[in-house]
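[1] Here you go, sequence then predicted model.
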Amino acid sequence: MSAVLEVTDIKKSFGGIHAVNGVSFDVREGEILGLIGPNGCGKSTLFNCILGQLTPSGGEVKLDGQVVTGLRPSELNKLGVSRTFQLLQVFPKLSVRENLILAGQEHQGNMASRLVGRSDAGLTEAANQMIGFFKLDHLADEPAGGLSYGQQKLLDAAMAFMGGPRLVLLDEPAGGVNPSMLADLKERLVAINREKDATFVVIEHNMEFVMSLCSRVMVMAEGKVLAMGRPDEVRKNPAVIEAYLGH
Amino acid sequence: MSGFAKPLKIALGLAVIAALIVVPMNFNRYGLFILSQWAVMSIAAMGLNLTLGYAGQVSLAQGAFVGIGAYAAAIMTTHGWPLPAAILVAIVLSFAVGWVLGYPALRVQHHYLAFVTLAFSTLAFLVFRNESWLTGGIYGISNIPRPHIFGLATNRPLPFYYVCLGSLAIVSLAVWWLIRSPWGRAFMALRENPLRAQSLGVDTRRYTLMAFAIGSALGGVAGALYAPLTQYIDPVPFNLSLSLDLLMMVIVGGAGFYFGPFLGAMIAVLLPEWLRFTEGYYLMLYAVAVMLLLIWSPTGILGILDRYLAERRTKAASALRAVAKSRLETVQ
């Protein structure tokens, strides 16, 4: 299996604090890679460095062998890299359907055709499919700001998939989502992973969720990679138990 | 406005348009001047509504762009150029300057951005006043001609009112198209959540600059009509208070609502005139009316309507849910 994403020696410091201190790993085509570690270990900062939301202090990010370090988030997104957020990030005053249409529109045509061309071009249809897929039908015309926390999390995930991404970085998708909705979410993620050949990297604290969803798990602590391997290997690793899982 | 049936909306719209065409035929010179001013200010406010109401970029410089358009039109038409050419130049010029003014918005937001645009507003005023070789300085530019449209002179108030109204119609259609296109959605994404927008491929830099440039260009259009309307311009009408007036029109009408600027301009231009019968008190009453309105509804006049319609929708939806639930219980 070839690597979709290769991260080499990424560093990010804020003043004297080394939030990410030389992290290297790769993500293989079609896998679901889990990323775990205690709060403040640099997981989200690593995501932000990979996605261009932060400029790394050092290191390199390659997508399909091409260096993409320093590209803007919108440019990376157009190359097929998408994300969800740890905290709620939807467009509260737009309806659920409009949120999804917006999530897909920049992947079609160019600036000029988006102004003077057909303003829909199949986007509504694609949004409706996504609404059905995430079981948000009854909420399609509601303003996104009025949805419950868990529903907004689902919408956030649905938005990440609108442009047909190849690689999706999910930052705590299960946080604050109730168990029945969580089972739904996992089922959706697995389905998209298999059917659409999308590769995922998932930050998550819910161990059960991570261990059952992911093919490999990477553990971070204090800005560094502590362990990387199959879920059952990682679970038995003494260093991981010491740093994170507890006794 | 989604709560009204479509035919009703169309009928209402046609009635308003017909009234705007027919009723002013009986107006006197002053009435026509005020109504023309309403049309011109609506155009400028629509521009600011794009920048501020839809894209969420605070600007205290819209009055300066009206000034840029007005001076461009005044200088060109007094040198024999036709007004349409002057309007085109006003659009290009204020678009370009607005684009440049958008760059600070890529770094600063909210009240910091307000201050940057306020400084620009002052700068523009100083240029209008001090560069007398071009602008006539404090003496301004007089004898600004009104255009011939298809060979018809528009010197008299009524024909020129129709020029303003026609321009308003064209701008309204263009803005309607813009906000319903993906651009409009991207503008709203800038306002609601720029961070999320970026990660969905929205080129926030380019859209921010465009929001400033297009909004400013509409300010330029308004200015290019203002010059032949008053037929005399000097720097004073384009100082900071015009920018603040336009900001008030957008907020009072309802920022981010399509019809907000029309209503806001109506209140700012017409309400003081209607209150004139109170003589010395009319400006005070006007100020109190605006304050009360904003305390009652911080989201402007259309905010009231929007809240009412949302309430009705929620009630209808919960009624439907209640029916569905009782059916479910009966089945069980």
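    Received, thanks.

[2] Which residue is the nearest non-sequential neighbour of B:P194?
    With CB to CB, 6 or more residues apart in numbering or on different chains as the criterion, B:P194 has its nearest non-adjacent residue at 5.2 Å, and that residue is B:T204. The way it works is simple: take the backbone N, C-alpha and C, and place the C-beta from them, glycine included.

[3] thinking the one you found is in contact with A:Q53, fair?
    No. Proximity of B:T204 to A:Q53 does not meet the contact threshold set by CB atoms under 8 Å, at 11.7 Å.

[4] For these two, list the residues in contact with both.
    Between them, B:T204 and A:Q53 have B:Q198 as joint contacts when contacts are counted by CB atoms under 8 Å, 6 or more residues apart in numbering or on different chains.

[5] list the buried ones in the longest helix belonging to chain B?
    Residue-count comparison of every helix in chain B, with assignments taken from DSSP state H, identifies helix B:301-331 as the longest. Neighbour counts over helix B:301-331 (16 or more other CB atoms under 10 Å in any protein chain shown) mark B:301-303, B:305-306 as buried.

[6] Burial check on B:I75, number of neighbours?
    Around B:I75 there are 19 other residues, counting by other CB atoms under 10 Å in any protein chain shown.

[7] residues touching it, list them.
    Taking CB under 8 Å, 6+ apart as the definition, contacts of B:I75 comprise B:134-135, B:141.

[8] and the longest helix of chain B, what does it pack onto?
    For helix B:301-331, the contact count by 3 or more CB pairs under 8 Å, 6 or more residues apart in numbering or on different chains; DSSP states H and E identifies helix B:240-253, helix B:260-274 as packing neighbours.

[9] Mean pLDDT, distance to chain A and mean neighbour count added to those helices, as CSV?
    Formatted as CSV, the entries for the helices and strands packed on helix B:301-331 read as follows, by pLDDT from 0 to 100; distance: least, CB to the nearest CB, whole Å; neighbours: other CB atoms under 10 Å in any protein chain shown:
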stretch, mean pLDDT, distance to chain A, mean neighbour count
helix B:240-253, 95, 17, 23
helix B:260-274, 92, 15, 21
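
[10] For these, give me a markdown table that also has distance to B:A5.
    Converted to a markdown table, those look like this (distance: least, CB to CB, whole Å):
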| stretch | distance to B:A5 |
| --- | --- |
| helix B:240-253 | 24 |
| helix B:260-274 | 21 |
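
[11] residue ranges with poor pLDDT in chain A?
    Low-confidence regions of chain A, defined by pLDDT under 70, span residues A:1, A:118-119, A:245-247.

[12] Can you tell me what sits against stretch B:265-283?
    Surrounding stretch B:265-283, the residues in contact under the criterion CB under 8 Å, 6+ apart are B:34, B:37-38, B:41-42, B:45, B:245, B:248-249, B:252-253, B:285-286, B:289-290, B:301.

[13] And those, which two are furthest apart?
    Using CB to CB, the contacts of stretch B:265-283 reach their maximum pairwise distance at B:S42 and B:L285, which is 23.0 Å.

[14] neighbour count winner among these two?
    When B:S42 and B:L285 are compared on other CB under 10 Å, the one with more neighbours turns out to be B:S42, at 29 against 14.

[15] counting contacts, what elements does the strand or helix carrying that one pack onto?
    Assessed by DSSP states H and E, B:S42 sits inside helix B:29-48. Helices and strands touching helix B:29-48, by 3+ CB pairs under 8 Å, 6+ apart, are helix B:62-78, helix B:157-180, helix B:204-230, helix B:240-253, helix B:260-274.

[16] Okay, angle between the longest one and helix B:240-253 too, please.
    Translated: helix B:204-230. Direction vectors for helix B:204-230 and helix B:240-253, defined by axes from the mean of the first three to the mean of the last three CA atoms, to 10 degrees, enclose an angle of 110 degrees.

[17] close enough to count as contact, B:R185 and A:I101?
    Yes. In this structure B:R185 lies within contact range of A:I101 using CB under 8 Å: 6.8 Å.

[18] Enumerate every residue touching residue 128.
    Just so you know, I chose chain A. With contact set as CB under 8 Å, 6+ apart, A:N128 has these partners: A:97, A:140.

[19] Sorry, I should have been clearer: chain B.
    Contacts for B:F128 (CB under 8 Å, 6+ apart) come out as B:67, B:71, B:135, B:235, B:238.
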